[in-house]
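Participant: predicted model and sequence below, questions to follow.
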Amino acid sequence: MNFVAMDFETASGKRYSACSLALTIVRNGQIADEFYTLINPHTDFFWRNVQIHGIHERDVQDAPDFPEVWEHIKNFYTPDKLVIAHNNRFDNSVLKSTLEHYGIEAPAYQTLDTVKSSRQLIPGLANYKLNTICDALDIDLHHHHNALDDAQACANILLYQSHHFTPQQIQPFINMVG
């Protein structure tokens, strides 16, 4: 199985305020590579967001703008690639809003939400938050709301599902975006 797990953190409630991004790249069923960067969103940071992820405005002062980051990652977002996220409505909307904010055309790509797949494939959990699923599946989640740790955990959830369920059971959760 080949896919990319993505996780964004935002500076505020504005979806275009991406302040960090992580990608965990899976090739042939193994984590093969990772990408992490802080992003300067050129917007104010809301205290509640900082409280959640710990990224402050001063941390991103010298970080690249999103268009610079996009140049390094855009090849992962093509119609033949699968990009997953835990609660992908949030991460896909951050990507789309940030691209729109900078006047960059949003790509089409395949996506899967590990919240939805977990609800169906792993019933009976108290909730389907990332940390709850990781605890249930014995997946390490070192620092919840650190984009890289969250992307790794998300990748490991789908890897678990791909080892315990058939492709036919996972396929219905894959949709196109864009």
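Facilitator: Cool, the structure landed.
Participant: and stretch 6-15, what's buried?
Facilitator: 6-12, 14-15 (16 or more other Cβ atoms under 10 Å). Placement of C-beta: from N, CA and C, glycine included.
Participant: could you do stretch 109-128 as well?
Facilitator: 109-118, 121-122, 128.
Participant: pull the distance from it to the chain's centre.
Facilitator: Offset of stretch 109-128 from its chain centre (Cα atoms, centre = their mean, to the nearest Å): 14 Å.
Participant: end to end on that stretch, go ahead and measure it.
Facilitator: Using Cα to Cα, to the nearest Å, one end of stretch 109-128 lies 24 Å from the other.
Participant: same deal with stretch 73-81?
Facilitator: 12 Å.
Participant: next one: it to chain centre, how far?
Facilitator: Worked out by Cα atoms, centre = their mean, stretch 73-81 lies 14 Å from the chain centre.
Participant: what's that stretch in contact with?
Facilitator: Residues outside stretch 73-81 that contact it (Cβ atoms under 8 Å, 6 or more residues apart in numbering): 2-4, 21, 23, 25, 35, 83, 95, 107-110, 176.
Participant: buried stuff in it?
Facilitator: Buried-residue list, stretch 73-81, by 16+ other Cβ under 10 Å: 73, 76-77, 81.
Participant: pick the one among these closest to Pro41.
Facilitator: Ile73 (16.1 Å; Cβ to Cβ).
Participant: now that closest one: which helix or strand?
Facilitator: helix 66-73 (DSSP states H and E).
Participant: so for that helix, what's the average pLDDT?
Facilitator: Averaged across helix 66-73, the pLDDT comes to 98.
Participant: among the contacts of stretch 73-81, which lie within helices?
Facilitator: Leu95 (DSSP state H).
Participant: among the contacts of stretch 73-81, which lie within strands?
Facilitator: 3-4, 21, 23, 25, 35, 83, 109-110, 176 (DSSP state E).
Participant: need the contact list for the residue lying closest to Asp44 once chain neighbours are set aside.
Facilitator: Leaving out its chain neighbours, the residue that sits closest to Asp44 by Cβ to Cβ, 6 or more residues apart in numbering is Ser12, at 6.3 Å. Contact partners of Ser12, counting by Cβ under 8 Å, 6+ apart, are 43-46, 49.
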